[in-house]
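Student: Compute the structure for the input listed below.
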Amino acid sequence: QVQLVESGGGLVQAGGSLRLACVASGRTFTTYAMGWFRQAPGKEREFVAAISRGGSLTNYSDSVKERFTISRDNAKNTVYLQMNSLKPEDTANYYCAARPFMTKYSPAEYDYWGQGTQVTVSS
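Tutor: Just a heads-up that it's a prediction; the model follows:
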(Lines give C-alpha, C1' and ligand atoms only; values in the text may rest on other atoms or scores of the structure.)
Protein backbone atom coordinates (compact mmCIF):
# COMPACT_ATOMS: atom_id res chain seq x y z
CA GLN A 1 0.00 0.00 0.00
CA VAL A 2 1.04 3.55 -0.75
CA GLN A 3 -0.60 6.61 0.77
CA LEU A 4 -0.43 9.85 -1.19
CA VAL A 5 -1.14 13.35 0.09
CA GLU A 6 -1.19 16.36 -2.22
CA SER A 7 -0.72 20.00 -1.26
CA GLY A 8 -0.05 23.36 -2.88
CA GLY A 9 -3.30 24.09 -4.66
CA GLY A 10 -5.05 27.43 -4.45
CA LEU A 11 -6.42 30.43 -6.29
CA VAL A 12 -4.13 32.21 -8.73
CA GLN A 13 -4.55 34.75 -11.52
CA ALA A 14 -4.00 33.81 -15.13
CA GLY A 15 -0.30 33.90 -15.95
CA GLY A 16 0.67 33.00 -12.41
CA SER A 17 2.41 29.96 -10.99
CA LEU A 18 1.78 27.25 -8.42
CA ARG A 19 3.84 24.32 -7.21
CA LEU A 20 2.02 21.17 -6.19
CA ALA A 21 3.62 18.53 -3.98
CA CYS A 22 2.63 14.94 -3.30
CA VAL A 23 4.17 13.08 -0.38
CA ALA A 24 4.11 9.29 -0.41
CA SER A 25 4.26 6.96 2.55
CA GLY A 26 4.17 3.22 2.83
CA ARG A 27 6.14 1.03 0.50
CA THR A 28 9.41 2.00 -1.17
CA PHE A 29 8.84 5.16 -3.17
CA THR A 30 11.38 4.26 -5.84
CA THR A 31 9.29 1.23 -6.78
CA TYR A 32 6.68 3.52 -8.29
CA ALA A 33 6.32 5.65 -11.36
CA MET A 34 4.30 8.75 -10.49
CA GLY A 35 1.72 10.70 -12.39
CA TRP A 36 -0.32 13.87 -12.07
CA PHE A 37 -3.89 13.96 -13.35
CA ARG A 38 -6.63 16.54 -13.19
CA GLN A 39 -10.39 16.58 -13.28
CA ALA A 40 -12.63 19.57 -13.92
CA PRO A 41 -16.34 19.54 -13.03
CA GLY A 42 -18.34 17.53 -15.55
CA LYS A 43 -15.22 16.21 -17.27
CA GLU A 44 -13.26 13.00 -17.17
CA ARG A 45 -10.01 12.71 -15.30
CA GLU A 46 -7.16 13.47 -17.68
CA PHE A 47 -3.44 12.85 -17.79
CA VAL A 48 -1.17 15.82 -17.05
CA ALA A 49 2.36 14.49 -16.52
CA ALA A 50 4.30 11.42 -15.42
CA ILE A 51 7.79 10.65 -14.23
CA SER A 52 9.79 7.44 -14.09
CA ARG A 53 11.01 5.82 -10.90
CA GLY A 54 14.46 7.39 -11.11
CA GLY A 55 13.22 10.68 -12.47
CA SER A 56 15.10 10.57 -15.77
CA LEU A 57 12.04 10.15 -18.00
CA THR A 58 9.08 12.51 -18.08
CA ASN A 59 5.94 12.79 -20.20
CA TYR A 60 3.43 15.61 -20.57
CA SER A 61 0.07 16.16 -22.15
CA ASP A 62 0.14 18.55 -25.09
CA SER A 63 -1.98 21.04 -23.18
CA VAL A 64 0.64 21.58 -20.45
CA LYS A 65 3.89 20.92 -22.30
CA GLU A 66 6.36 23.82 -21.99
CA ARG A 67 4.38 25.24 -19.04
CA PHE A 68 4.40 22.48 -16.41
CA THR A 69 7.36 20.53 -15.03
CA ILE A 70 7.17 17.28 -13.09
CA SER A 71 10.02 16.28 -10.80
CA ARG A 72 10.64 14.00 -7.85
CA ASP A 73 12.88 13.89 -4.82
CA ASN A 74 13.24 10.24 -3.87
CA ALA A 75 15.03 11.11 -0.63
CA LYS A 76 11.90 12.99 0.47
CA ASN A 77 9.34 10.58 -1.07
CA THR A 78 7.87 13.55 -2.90
CA VAL A 79 6.80 14.34 -6.44
CA TYR A 80 6.24 17.91 -7.59
CA LEU A 81 4.34 19.67 -10.33
CA GLN A 82 5.59 23.16 -11.11
CA MET A 83 2.87 24.99 -13.03
CA ASN A 84 3.75 28.22 -14.83
CA SER A 85 1.79 30.49 -17.16
CA LEU A 86 -1.45 29.16 -15.75
CA LYS A 87 -4.64 29.55 -17.77
CA PRO A 88 -8.30 29.50 -16.67
CA GLU A 89 -8.67 26.16 -18.48
CA ASP A 90 -6.13 24.67 -16.05
CA THR A 91 -8.74 24.99 -13.30
CA ALA A 92 -9.37 21.51 -11.87
CA ASN A 93 -8.80 19.21 -8.96
CA TYR A 94 -5.28 17.83 -9.31
CA TYR A 95 -4.42 14.30 -8.22
CA CYS A 96 -1.17 12.45 -7.90
CA ALA A 97 -1.07 8.74 -8.54
CA ALA A 98 1.38 5.86 -8.30
CA ARG A 99 1.89 2.66 -10.21
CA PRO A 100 4.66 0.05 -10.11
CA PHE A 101 7.56 0.36 -12.52
CA MET A 102 6.65 2.10 -15.79
CA THR A 103 4.77 5.33 -16.45
CA LYS A 104 1.42 5.16 -18.19
CA TYR A 105 -1.05 7.74 -19.48
CA SER A 106 -4.39 6.25 -18.50
CA PRO A 107 -5.85 6.78 -15.02
CA ALA A 108 -6.98 3.15 -15.07
CA GLU A 109 -3.33 2.05 -15.10
CA TYR A 110 -2.59 3.64 -11.72
CA ASP A 111 -3.10 1.77 -8.47
CA TYR A 112 -2.89 4.45 -5.78
CA TRP A 113 -4.38 7.92 -5.62
CA GLY A 114 -4.31 10.94 -3.38
CA GLN A 115 -7.38 12.95 -2.38
CA GLY A 116 -6.57 15.81 -4.72
CA THR A 117 -5.84 19.51 -4.38
CA GLN A 118 -7.92 22.21 -6.03
CA VAL A 119 -6.35 24.65 -8.46
CA THR A 120 -8.42 27.63 -9.57
CA VAL A 121 -7.13 30.08 -12.16
CA SER A 122 -9.01 33.34 -12.51
CA SER A 123 -9.06 35.34 -15.72
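Student: Can you give the distance from stretch 72-83 to the centre of its chain?
Tutor: Relative to the centre of its chain, stretch 72-83 is centred 10 Å away, using C-alpha atoms, centre = their mean, to the nearest Å.
Student: Next one: residue 41, what pLDDT does it get?
Tutor: At residue 41, the model reports a pLDDT of 93.
Student: and it, how far is that from residue 82?
Tutor: Separation of residue 41 from residue 82 (C-beta to C-beta, to the nearest Å) stands at 24 Å. All C-beta atoms are positioned from the backbone trio N, CA, C, and that covers glycine.
Student: out of those two, which sits in the busier spot?
Tutor: Shown here are residue 41 and residue 82; by other C-beta atoms under 10 Å, residue 82 has more neighbours (15 against 7).
Student: and that one, what does it touch?
Tutor: 17, 19, 68, 69, 70, 71 (C-beta atoms under 8 Å, 6 or more residues apart in numbering).
Student: Strands - which of the residues you listed land there?
Tutor: 19, 68, 69, 70, 71 (DSSP state E).
Student: Skip the chain neighbours and tell me the closest residue to the last one.
Tutor: Distances taken as C-beta to C-beta, 6 or more residues apart in numbering put residue 80 closest to residue 71, at 4.9 Å, once the chain neighbours are dropped.
Student: Strand partners (parallel or antiparallel) of whatever helix or strand the one you found lives in?
Tutor: Using DSSP states H and E, residue 80 sits within strand 78-83. Using DSSP bridges, the strands paired with strand 78-83 are strand 18-26 (antiparallel), strand 68-73 (antiparallel).
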